[in-house]
Each structure stands twice: as C-alpha cells, then as structure tokens.
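*Asks:* I would like to see how this sequence folds:
(6 chains)
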6 protein chains.
Amino acid sequence: MTLTHLNARGEASMVDVTDKSTTQREAVATGRIFMQPATLEQLVDGELPKGDVLATARIAGIQAAKRTHELIPLCHALMLSKVSVDFDIDRDTSSVGVRVMCRLAAQTGVEMEALTAASVACLTLYDMCKAVDRGMEIGEVRLERKSGGRSGEWQRRH
Amino acid sequence: MTLTHLNARGEASMVDVTDKSTTQREAVATGRIFMQPATLEQLVDGELPKGDVLATARIAGIQAAKRTHELIPLCHALMLSKVSVDFDIDRDTSSVGVRVMCRLAAQTGVEMEALTAASVACLTLYDMCKAVDRGMEIGEVRLERKSGGRSGEWQRRH
Amino acid sequence: MTLTHLNARGEASMVDVTDKSTTQREAVATGRIFMQPATLEQLVDGELPKGDVLATARIAGIQAAKRTHELIPLCHALMLSKVSVDFDIDRDTSSVGVRVMCRLAAQTGVEMEALTAASVACLTLYDMCKAVDRGMEIGEVRLERKSGGRSGEWQRRH
Amino acid sequence: MTLTHLNARGEASMVDVTDKSTTQREAVATGRIFMQPATLEQLVDGELPKGDVLATARIAGIQAAKRTHELIPLCHALMLSKVSVDFDIDRDTSSVGVRVMCRLAAQTGVEMEALTAASVACLTLYDMCKAVDRGMEIGEVRLERKSGGRSGEWQRRH
Amino acid sequence: MTLTHLNARGEASMVDVTDKSTTQREAVATGRIFMQPATLEQLVDGELPKGDVLATARIAGIQAAKRTHELIPLCHALMLSKVSVDFDIDRDTSSVGVRVMCRLAAQTGVEMEALTAASVACLTLYDMCKAVDRGMEIGEVRLERKSGGRSGEWQRRH
Amino acid sequence: MTLTHLNARGEASMVDVTDKSTTQREAVATGRIFMQPATLEQLVDGELPKGDVLATARIAGIQAAKRTHELIPLCHALMLSKVSVDFDIDRDTSSVGVRVMCRLAAQTGVEMEALTAASVACLTLYDMCKAVDRGMEIGEVRLERKSGGRSGEWQRRH
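*Replies:* Alright, predicted model coming up:
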C-alpha cells in the first residue's frame, strides 16, 4: 500500500478523487484535555461560569471543521452536511473529553475534519482555562470510527 | 485567581491587554503522533519519499501559528517575529515528535500560537500517513516553557 | 416548531441537511444606510467620485456572500452559483439601498448569504463615507423573499 | 472635507496612516434585531435554550471584529487589545440589542471593527432564530461613541 | 461576445452558472521566475538546501488554488478534485518553471485556480530566494490548455 | 550570503526579525497583462464598461496585500499603513500595467506584499476579460524599488 498524497517522485499533491463515487460518509473523532483537579472543579462548579467555556469551545470546533482544507495543505474542500461537538467531564482522569461527528455526501472522507475540530475544541479549552492552569495536556486525539467510501466501515479497537 | 476570558457575568470576551507592557515573549510547545512501527519505518526509510511529509507538516504548522487568532475565538491577533517547527523520530515509542518555538514582542503571550502550530503539524502528519495507518493517535500536546510578560518564566516539570 | 440549530440539550450544532433534497434555491435580501443629505449629494454629484464607492461596496458584498459560513458559526459552506448586488439612491429618506440576490442548487437555503452580503455592502458604504459623516445608520436589513427547499416560496409582507 | 479613501482621480486606495500618531482608541457600536414577540419569548423563556444563542452570537461578533480588514476592502489590519459584546432584551420593541466595545492603541480608529462585530452578532441571532421567524429585521446599526485620534471624542446625539 | 462578469449596466456580479451543465473540467497553467544564474546554481546545488524551497512553493501553490475564490472577487467557490504543482529548472533562461494542473467536476471552469496556483508558487519562490537576488522577475503566467464545459477543448498556440 | 528562510539543516522556518529595528519601509512592484488589441480596445472603449474592470482589480490587489502572510508560507504578518494600486494602458504592447505601492513601519520589508498585490490585480484582470480572450499572459511581475531596513534603498536597473 502506498501513501496517496505523494506522487511517483515523492512530491506532495492533492490526490485525484475524480473517479471516486459520491457516498454518504461519516467520521467520529475524539480528543481530551487533562488538567488539575482544581481547574476541573472550577469548570464543573461554575466558578468558570457555566456554559460559555464549553459553548466557546464547541463553536470553535464547528468552525474549525469547516476550515480544515485551509489548515491541512492537501485536504480537499468539502461541504459538510452536519457537525456536532459534545463534551464529557471525567473526574477519574481529571479531564474534559471532546467528541466530534462529521457527516457529508462526498467523494472523499471526513476524518480530517473531525480530527481538526476535536483538536481546535481542545485548544480552545486550553485557552479558556490557561490563566489558572498552564500545565494542561491535550491527548487521545484520534479517529474512533468512519463509514462510507471504498474502504467502508472502520472502527478503532480499544 | 479567576479566568480572565470571562467577564463578571460569566460571558466570554477578549481580555483587555491595553495596560500590559510590551515585552519580548517566547513559548515552546510540543506534540507527538504515535503510529504503527511499520508506518514509521516507511517514513524513515523514505518509502514515504523523504522530505515532503515533514516539509508539508512544517509549513502547515508555521501557517497555523499565524492564523491562531482566527481559530481560537478569544485570542488576540499578533505579529509573530519568529516561528520554527522541528521534528524528532522516536522508534521506542514509534512516534514522531513536533517542537514549535514562537517569539514576538507583544502585550500578550504566544502560548496558544505554539500549541496551535504543534497540533496542526501533527494533524498534517496524520493526513499524510492516514492511507496506510488510520489508527494513529496525537498526544502530549502541551506547553514546555514560556518567558516574558508579567508572569515571567514558566517551565513544565516532568 | 423548534429551533433547528440547537440539539436536545440546547447545545449549538450544525444542522444535519443530509436528507434534504437538492433544489434550486434563491434569496433576496436588502439593507439601507441613512446619511446626511449633504453626504448623499456628494455621493450623487460625484464629489465622492462616482463609481468607486458603489463598486467597492458591491465587490465587498459579493465576497462576503462567499465567506458567510466563516462568519456565521452554524452556517453550512455552500457553492453559490450567482450573486448580484444592486444599489438605489433615495433622496426622500436620504439613504442608499442595497439589494442582494443569491442563487444556487443545494440542500440548504441562501438567506444568510444574501443578508450577510447586504450587511457588508452597507458597512463598506459606511467606511467609504465615514470621513464626512460619522452618524450614518444601517437599517432595514431583512429578507425580502426566498424560494426553493421544503418551505417553498416566502415573501415579506410590507 | 474630502473622503480620504479616494485619491485625486477618484480611485480607491488604503489611506496612508503613516504619519498619524499612535493613540489609545476606543469605539462603541450598537445594532438591534426586531422579531415576533413569540420568538423573543422562546428566547427569554429558554425554549430557545438559554445561553447558547447569545453565546454563539457573542463569539461570532468577537471573531468578526478580528476579521474586519478582510471584509471591508479599505480597512487597515489592526491588533485589537479588547473586544466585548453585550446583549439586552427589550420587550417593548420586541428586539434584542447588541452593544460592542473595541479598544486598541493604533494609528487608525476602530469604528469599523465595532460596527462589523455588531452586524455579525445580529446576523448570527437571525441565523439562530430563523427557523421560527423569517421576518426578523436588523436595524439601528450605528456608532455610539468613539475616542482617540486626531478627531478626538465623538458622541452620537439622540 | 460580451464580458460575462458585467451586467447590462456595466456593474460587476458573479455570473449565473445555474443552467450550465456539470462536466469534468481540467486546466493547466504555467508560470516562470527568472533569476541570476548564481541564484539558480545555489538552488540546484542545494546550497539553498534541496527540497524545501520547491516543497514550500508547491504547498503554497496547492493551498492558493483552494483559496482562489477568496482572492479573485468574482470567482465561484469550487471543490477541486485534484491539484498538482510541478517544477522544471531551465539553465538556458536561468529560470524555474511552474506547471499546475487542476481538475474537478463542476458548472464552471478551473482556469483561475490553475493560474492563481502558478502565480503564488512563483511568488513563494521569490520569497524563498529574495535574500540573495532581489531582481528576479515572474513572467509567462498563462493558460496552456483547458477542457470541459461548453467551450470544450482549448490549447495555447505557441 | 545565505538564504534566510532556511535553518542550518535546510528546513524552512519563519526568519527571526526580533532584533531588527522598526523603520519606515516602502516597496513598489509592478506587473503587466498582455492581451489581444481587440480586448484592450473593448476595455478602453468601455465596451467592457469602464470603471468596474479596473475598480475590481484594484480592490482585489489591495485585499491581497493584506493577506500576503496567508498566501506566502514564510511571510510575517504585517500591518500595512498604505496600499495603492494604479493602472496604465499601453497600446504599443497591447497590455495593462499594474503598479503597487505598499508602506509601513515594521521590522521586515513589504516587497512580498507589493508583489502579491500586483499578481492578484493581474489575475483579476484576466478573470474579468477571459470570456473574450483566453490567451492573455501575465509578466513583468517584479520589484521596482524598496527603501527602509538594513539594506536600505534598492532600485531596479532597467
């Protein structure tokens, strides 16, 4: 199997998707930001006044999904038909999780859109909390599942 | 200590930096993408033809640093005076590491620029390699050190 | 009837348009900027040399229509097939009116594109004239009619 | 007095601000969106679940302020040091008001940034509510006051 | 034959492509940057360390193709299905040539995308080499051939 | 002399301008688009209705100058204090010339901004006229003079 973003001489190019069929495609990606328990409590107790921290990160994630092709050089522009961004609070690992779902009918997949949205939502959480906790860490940014296209269904094994 | 991006009623706003002094500021952030050993070997052996994979990710990271304020809703626009993006290959953890340094003279710090560049460089590596390895994971996206500004020097403890 | 940009828990997301049919859609929106009679006369008499003030506002409106999905967080990216921006001079109300028509075949409507173009054309007129008249006011930014899609034809009642 | 965005032959150009002094500048602009009383009640009663509608519009306004120079052809790029967006609910006129304050130290004013943010916040409110009320109208988009620069303090007379 | 970007009164508008048929379209455009023989030798000998100068220009060209509709006011947004950027070194004319191919299925052509990518790749080469040679010149930016659409095949005669 | 955009190992990075002094800088760049005499006559005679073709290209050039750092990967973001775009008609060579002047006080020069504006203005002229003349060619895109900065005054020798 070869990497499809590189031509015969190893030079980058935008892969030709002309002959791919337009199918319904969907991808789910996640990310997680780990923080001090005290930071998480401020977020949960609404001392980081409830709503806006997550609302801001959600909006940032959705907008980033739409701009993925500007950020990732060899990504195709797509017209997403749905983007959702959800959060979970996990006290055991003292972290906030982000879960993004992207969907569209297209000739190429939406994995990068979902991963980009998850990353930017995590970066926005970092930005919203960094005044109280500079040591936060973003991790577990990964594809959970995808469907549609020639390679069909794919599911991460945990 | 309070979160500075939220006003008295808990609503998001761009923090006023008018009265902060303009100082030399610098931030170093890192990220890492974990992949199958076989994927890493293709990258190292130049079966992913050498140069362009990392070159593309480097360019993507530099450009993302410049667009941080478009991606992160409450970030101020800045005029970066330097951005560098470096990579390391780690066979022990089967991963590629990204290290970004941003520098400028400004009234506000460049942590978000460095973190955003590191994230987007990792996302680009994912995009360049995803045809052979969909299960890659991005992690360890974090600030390593910063200097300048009122809070002065900060260094991550490992 | 419920607001479709909010999910069950009240969180913002980009509405799923996957199952909507692709139809010919069209929207007309207007806006109006009210100014001092003397400012309008300068514009009409070509002391604000004729052509470029309106030409600049027209170009700004067309370009804004294409970028609506970047400005309005939950708007879908669309590929507009036509955008036109027209102006009228109304001495009775001492104002310049903007009328925008957008058209495309898509799964979602173009009302926001037309309204955004009308707003940005008015803002550009403000910018072009503000050196002589800071008190101008933009109003009557509204949808005049739309067609296509499940809800079909809609016409503003005056 | 002449329009400063046009050269001797009436052609548009970006005004030279080289010799203007860098002073603290501030501008306040407002806008208002008029809707059906029933729409406003849904918004107030949280049937449009409270928080996210206004939170989304606030974020959109802040981000638009930062992109003003991309939207308004002859505006200079600026580095805003503060942007805030506030809302009020007015049942008498069945409307939501937007009030934007922008601040920075620069050679040119921030009126356009404040006006653009107010417009885009209103457009976003339209987008969030249009599923239940297509006839909403945006108006009263205007500068309330500005300070700084050669022309000094300016205040709208009502 | 009339210019299709101007309406009956000579005002600019985005041409209506609603009734055009969606066909496979392709365009090839070229550009060339002329430099001092010594500059070219540094580039060829890898004193301008090989790979990254061309890699950076290639990425810049690909990304510019995707943003053509933001740069050229009356261009329609398109979803390119393929973009490739290739270079040649010509010692006889002491120049580097750029050749761009764009492809998609759409209602309007991709000439502007190919020409914009070629121009921006040349500008990036200028930027990468300007520290040693400020007098470089970009020329021969032109369409070489196009296919698809109502006007069908077109080939430059040399 | 070495190329300053490449680090010791030949990898691209944004040059550090931290220690450069802020001086008044200015650059003039030109470009030219060659067309059929009949195309030029349509433009001159106003069959391409006068004003808007050049007005659109002028606006496109000014806006491109402001976005140079997004297009050219290693360019620094700048805050231009002046941009002007002028045209000349040359029947002898059957061409339209573009002349751009950019000015600002900064730590780095504005050559790339002037060259980018000239290129995009020419591309826009191509777009406005391509319906009648597909064989047009853009050339003579070059720096005419620059001032300011460590290297001081530079003037092209013709």
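*Asks:* helices or strands next to the lowest-mean-pLDDT helix or strand in chain A in the packing?
*Replies:* For chain A, using mean pLDDT, DSSP states H and E, the weakest element among its helices and strands is helix A:37-44, scoring a mean of 90. Packing partners of helix A:37-44 (3 or more CB pairs under 8 Å, 6 or more residues apart in numbering or on different chains; DSSP states H and E): strand A:82-90, strand A:95-106. Heads up, the C-betas are built off the backbone N, CA and C, glycines and all.
*Asks:* ok, which stretches of chain A are helices?
*Replies:* Under the criterion DSSP state H, helices of chain A are mapped to A:37-44, A:52-66, A:68-71, A:111-129.
*Asks:* quick one: the shortest one to chain centroid distance?
*Replies:* Pointing back at helix A:68-71 there. Relative to its chain's centre, helix A:68-71 lies at 13 Å (CA atoms, centre = their mean, to the nearest Å).
*Asks:* name the residues that touch it?
*Replies:* A:64, A:75-78, A:112-113, A:116-117, B:60, B:63-64, B:67, B:71, B:120, B:123, E:63, E:66-67 (CB atoms under 8 Å, 6 or more residues apart in numbering or on different chains).
*Asks:* gap between the two ends of stretch A:129-140?
*Replies:* 19 Å (CA to CA, to the nearest Å).
*Asks:* pLDDT (mean, whole number) over that stretch?
*Replies:* Stretch A:129-140 shows a mean pLDDT of 94.
*Asks:* what's next to it, contact-wise?
*Replies:* A:30-36, A:38-39, A:42-43, A:48, A:53, A:97, A:119, A:122-123, A:125-126, B:1-5, B:31, B:111-112, B:115, B:119, B:137-143, B:146, B:154, B:156-157.
*Asks:* that older thread, among the helices of chain A, which is nearest A:Phe87?
*Replies:* A:Phe87 lies closest, by CB to CB, to one member of those: helix A:52-66, at 5.3 Å.
*Asks:* and the angle for that closest one with helix A:111-129?
*Replies:* Orientation check (axes from the mean of the first three to the mean of the last three CA atoms, to 10 degrees): helix A:52-66 against helix A:111-129 gives 150 degrees.
*Asks:* wait, does helix A:52-66 contact chain E?
*Replies:* No. Helix A:52-66 does not reach chain E (CB under 8 Å from any CB of the partner chain); its nearest approach is 12.2 Å.
*Asks:* tell me what that helix is packed against?
*Replies:* Against helix A:52-66 (3+ CB pairs under 8 Å, 6+ apart) you get strand A:82-90, strand A:95-106, helix A:111-129, helix B:68-71, helix C:68-71, helix D:52-66.
*Asks:* state the distance from the residue in chain A positioned nearest to chain F to A:Gly139.
*Replies:* Across chain A, no residue is closer to chain F than A:Glu70, which sits at 8.5 Å (CB to the nearest CB). Distance, A:Glu70 to A:Gly139, using CB to CB, to the nearest Å: 25 Å.
*Asks:* coming back round to it: and among the helices and strands packed on helix A:52-66, the most buried is which?
*Replies:* helix A:111-129 (a mean of 29; mean count of other CB atoms under 10 Å in any protein chain shown).
*Asks:* what angle separates it from strand A:82-90?
*Replies:* 50 degrees.
*Asks:* chain center to helix A:111-129, what's the gap?
*Replies:* A distance of 6 Å separates the centroid of the chain from that of helix A:111-129, by CA atoms, centre = their mean.
*Asks:* equivalent analysis for stretch A:81-99, please.
*Replies:* Worked out by CA atoms, centre = their mean, stretch A:81-99 lies 11 Å from the chain centre.
*Asks:* what do you get for stretch A:137-145?
*Replies:* Worked out by CA atoms, centre = their mean, stretch A:137-145 lies 8 Å from the chain centre.
*Asks:* in it, what's buried?
*Replies:* A:137-145 (16 or more other CB atoms under 10 Å in any protein chain shown).
*Asks:* stretch A:25-43 now?
*Replies:* A:25-35, A:39-40, A:42-43.
*Asks:* which of the residues you listed lies closest to B:Lys82?
*Replies:* Out of the buried residues of stretch A:25-43, the member with the shortest distance to B:Lys82 (by CB to CB) is A:Ile33, at 27.0 Å.
*Asks:* give me the beta-bridge partners of that closest one?
*Replies:* A:Val96, A:Ile138 (DSSP bridges).
*Asks:* let's see the pLDDT reported for it.
*Replies:* 98.
*Asks:* over to A:His5?
*Replies:* 56.
*Asks:* please apply the same query to the one 10 residues further on.
*Replies:* The predicted local confidence for A:Val15 comes out at a pLDDT of 80.
*Asks:* that one: neighbour count?
*Replies:* When neighbours are defined as other CB atoms under 10 Å in any protein chain shown, A:Val15 has 20 of them.
*Asks:* that one touches E:Val83, doesn't it?
*Replies:* No. Contact between A:Val15 and E:Val83 fails when scored by CB atoms under 8 Å: they sit 9.4 Å apart.
*Asks:* give the contact list for the nearest residue to A:Lys82 once chain neighbours are set aside.
*Replies:* Using CB to CB, 6 or more residues apart in numbering or on different chains and skipping residues adjacent in sequence, the residue nearest A:Lys82 is C:Asp16, 3.8 Å away. Listed by CB under 8 Å, 6+ apart, the contact set of C:Asp16 reads A:81-82, A:103.
*Asks:* and if we set it to 10 Å?
*Replies:* With contact set as CB atoms under 10 Å, 6 or more residues apart in numbering or on different chains, C:Asp16 has these partners: A:80-84, A:101, A:103-104, C:4, C:107.
*Asks:* then A:Ser81?
*Replies:* A:Ser81 neighbours (CB under 10 Å, 6+ apart): A:24-26, A:102-106, A:110, C:14-20, C:76-77, C:107-108.
*Asks:* can you do 6 Å?
*Replies:* A:103-104, C:17-18 (CB atoms under 6 Å, 6 or more residues apart in numbering or on different chains).
*Asks:* what would these look like in TSV with distance to chain E?
*Replies:* Output for the contacts of A:Ser81, formatted as TSV (distance: CB to the nearest CB, whole Å):
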residue	distance to chain E
A:Arg103	16
A:Leu104	11
C:Val17	16
C:Thr18	17
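*Asks:* of the contacts of C:Asp16, closest to chain D?
*Replies:* When these are compared against chain D (criterion: CB to the nearest CB), the nearest one is C:Thr4, at 4.7 Å.
*Asks:* export the helices and strands packed on helix A:37-44 to CSV and tack on distance to B:Ile89 and mean pLDDT?
*Replies:* CSV is the format used below for the helices and strands packed on helix A:37-44 (distance: least, CB to CB, whole Å; pLDDT from 0 to 100):
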stretch, distance to B:Ile89, mean pLDDT
strand A:82-90, 32, 94
strand A:95-106, 28, 94
